[in-house]
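# Kindly return the folded structure for what I paste below:
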Amino acid sequence: MPASRILVIKHGALGDIIQGIDAYAKLRAGHPGAYIAVLTTPPFAGLFAAMPWFDDVITDHRAVVVNLLQMMRMRRIMRQSWDMVIDLQCSGRTARYHQFLTPQNLRWFGNVAGASDLYPDFAGVNNTSRMDIAAGLAGGDASASADLDWLTNVDLPPGIVSDDLQNALVLVPGCSPAKPSKRWPGAAFASLAVLARQHGHRLFIVGTSADRDAADAVLQGAPDCTDLVGKTDLPQLAALFARCGYVIGNDTGPVFLAARTGTPTLMVMGSDTDPAMSAPAGARAGWVRAAPISDVTPAQAFAALLKL
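Residues are numbered from 1 along each chain as shown. Alright, predicted model coming up:
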């Protein structure tokens, strides 16, 4: 009997969520009449809600075990008569959900011991392929891929109109604070911005409030960039990427998002990033890499971007 109620678990992070877009489309195509919900964390609820493949978005605050009210809430969620759970997160937390919060007879696709449908060994397999394989095992249509036309229905950030974006270059200078070796220097972004301005490109900087210092380092050398840091939600950011001319940034979630929109997108990589495992996927996506990352020159990056 086809599954009629499916729960997909994908807590984060942004880059991983974007790498799963084709998997979500495959699941929907393979289960066209099913009720499919996604369990995610609050920062990504809006983005999942804008996607056309899910009927509902359920938020998980990932509370500590001693938070009994939240644990009871999660127990109720995990026992909502699901026909199957597809664990695309495969974390210690989701393993605990399977072990302690779900009915024993629930069909569970994942890598946790005791799962009814165990994934194969994913060693050496990149995130996109892992999730595509998982979707196929759960009845997804292997021939389906994500259509991103839904982004045309998402509003741009306030004050930005499409006519401003046709030749615009969006800079993504932020990155995980825990991985400074993945961050191209702000001075390099600024020099690239100056070069792009000389070629007639309008410039935007994006990121979250946590990227404020990285953005300010760019603005010191390129003060004419339009500063959108902390001023967009994820659906607005996706809409901006889909309509702009080019995107360049570090190994960080928004760059994966930009690449999937089909906009020419360049990721600047250091030694911590393996292109075979983490290169952005998209029709016009590419990357440049050096060790250390500061050895990538602005001229080199700009030339690579224009070739996409």
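# Only C-alpha atoms from now on, for both contacts and neighbour counts.
Fine.
# Can you read off the pLDDT for Ala187?
pLDDT recorded at Ala187 is 97.
# for it, phi and psi?
phi -60, psi -30 (degrees, to the nearest 10).
# Would you mind measuring from the closest residue to Phe48 other than its chain neighbours to Met51?
Distances taken as CA to CA, 6 or more residues apart in numbering put Val57 closest to Phe48, at 6.7 Å, once the chain neighbours are dropped. Distance of Val57 to Met51, given as CA to CA, to the nearest Å: 10 Å.
# Then Asp216?
Distance from Asp216 to Met51, by CA to CA: 32 Å.
# can you pull the contacts of Leu308?
Shown in contact with Leu308 (CA atoms under 8 Å, 6 or more residues apart in numbering): 264-265, 284-286.
# where's it relative to Gly286, distance?
Leu308 is 7 Å from Gly286, by CA to CA.
# Give me the common contacts of those two.
Taking CA under 8 Å, 6+ apart as the criterion, Leu308 and Gly286 both touch 264-265.
# Mark out where each domain of the chain begins and ends.
Domain ranges of the chain: 5-147, 151-306, per automatic domain parsing.
# could you redo the ones you listed as TSV and give each row mean neighbour count?
Output for those, formatted as TSV (neighbours: other CA atoms under 10 Å):
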stretch	mean neighbour count
domain 5-147	18
domain 151-306	19
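# ok but the residue nearest to Phe48 is inside a helix, no?
No. Assigned with DSSP: H, G, I helix; E, B strand; the rest coil, Val57 falls outside any helix and is strand.
# Can you tell me who it pairs with across the strands?
With DSSP bridges as the criterion, Val57 is bridged to Val38.
# Surely it touches Ile36?
No. With contact defined as CA atoms under 8 Å, Val57 does not reach Ile36; the gap is 9.0 Å.
# what about Ser129, helix or strand, and which?
Per DSSP states H and E: Ser129 is located in helix 127-137.
# ok, which stretches of the stretch 51-200 of the chain are helices?
68-78, 92-96, 127-137, 186-198 (DSSP state H, counting those that start in this stretch).
# Reformat the ones you listed as CSV; add distance to Arg260.
Below are those laid out as CSV (distance: least, CA to CA, whole Å):
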stretch, distance to Arg260
helix 68-78, 31
helix 92-96, 27
helix 127-137, 12
helix 186-198, 22
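# quick one, which of the ones you listed is nearest to Asp274?
helix 127-137 (12.2 Å; CA to CA).
# helices or strands up against the closest one?
Identification of packing neighbours for helix 127-137 by 3 or more CA pairs under 8 Å, 6 or more residues apart in numbering; DSSP states H and E yields helix 14-19, helix 21-30.
# wait, which of those is closest to Met131?
helix 21-30 (5.7 Å).
# quick one: contacts for the closest residue to Met269 other than its chain neighbours?
Excluding the flanking residues, the one nearest Met269 by CA to CA, 6+ apart is Arg289, at 4.5 Å. Going by CA under 8 Å, 6+ apart, Arg289 touches 268-271, 296.
# Fine by me, thanks again.
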